[in-house]
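Enquirer: Let me see the structure of the following:
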Amino acid sequence: MKLYNYTIKFRDVSSLTLIIALFIGSATLRLTFSAGSAFAQSADNDVPPAPEPTRLEAQNEQGAPTAVQRDRLGTLLKTLQEKQAQLSAREEAQENRQRALDDAAQRIDDRLAQIAAAEQQLRETLALSNNAAEDDLARLTTVYENMKPKDAAALFEAMKPEFAAGFLGRMRPDAAANIMAGLKPDFAYTISVILAGRNANAKKSG
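Expert: Purely as a prediction, here's the structure:
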């Protein structure tokens, strides 16, 4: 009986010891983890922050132009502006020349229109003159036809043969024949040759 009781007591002590050991181990692990975390946090706090990049370095990292690049861009921009100014000057000069040509062409057109108007007026004036001259010749021819043949013959002999032949050619044949009969033979022959030549040329032209 005593041996049995002792065995039971030994078993109880062993179980209690095991439980206590487990609690101690668990507490130790918790303390270890807590201390490691605190140490890590303290180490992080003790590390100095990294220096921030300067403004120029930050701009260079972001792709901003450097001073050399800015100088090149400025030179290129200046060159482009000069080229643009030259092109603008050329365009303005071209426009001025075109306006001058247009003005000259307009003046030429106006002058041609004036010349055409003057020519038309001259043709109308000549037509009036020709009509007036024709009317005058017709009236003179009628006057000569109605004159006495002897008086008309004396008047014709005072004219140039070509001029007298012009009137005789416009007269009625009977009146012209009576006047020709009163002319001197040599003058009448000259007028006959002139009239024959005119008639011959008229037939060839027809």
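Enquirer: Number of residues surrounding the spatially closest residue to residue 159 that is not a sequence neighbour?
Expert: On the basis of Cβ to Cβ, 6 or more residues apart in numbering, the spatially nearest residue to residue 159 that is not a chain neighbour turns out to be residue 167, at 7.9 Å. Every C-beta, even on glycine, is put in place using the N, C-alpha and C of the backbone. Other residues within reach of residue 167, judged by other Cβ atoms under 10 Å, total 21.
Enquirer: Please name every helix or strand in contact with the host helix or strand of residue 167.
Expert: Remark: residue 167 resides in helix 161-170, with elements defined by DSSP states H and E. Under the contact criterion of 3 or more Cβ pairs under 8 Å, 6 or more residues apart in numbering; DSSP states H and E, the helices and strands touching helix 161-170 comprise helix 67-146, helix 149-157, helix 173-182, helix 185-205.
Enquirer: and the shortest one, what's its mean pLDDT?
Expert: Looking at helix 149-157 alone, the average pLDDT works out to 93.
Enquirer: again, but for stretch 102-117
Expert: Per-region confidence: stretch 102-117 scores 89 on mean pLDDT.
Enquirer: Equivalent analysis for stretch 192-200, please.
Expert: Averaging pLDDT along stretch 192-200 yields 84.
Enquirer: mind listing what's buried in it?
Expert: When burial is assessed from 16 or more other Cβ atoms under 10 Å, stretch 192-200 yields the following buried residues: 194, 195.
Enquirer: And the contacts of that stretch?
Expert: 161, 162, 165, 168, 169, 180 (Cβ atoms under 8 Å, 6 or more residues apart in numbering).
Enquirer: C-alpha coordinates for the helix holding residue 167, CSV please?
Expert: Backbone C-alpha positions of helix 161-170 (Å, rounded to 0.1, in the frame of the first residue of the first chain) are rendered in CSV as follows:
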residue,chain,number,x,y,z
PRO,A,161,-7.3,114.6,-164.1
GLU,A,162,-7.7,112.1,-161.2
PHE,A,163,-10.1,114.3,-159.4
ALA,A,164,-12.2,115.0,-162.5
ALA,A,165,-12.2,111.3,-163.4
GLY,A,166,-13.7,110.6,-159.9
PHE,A,167,-16.7,112.9,-160.5
LEU,A,168,-17.2,111.6,-164.1
GLY,A,169,-17.2,108.0,-162.8
ARG,A,170,-20.0,108.8,-160.4
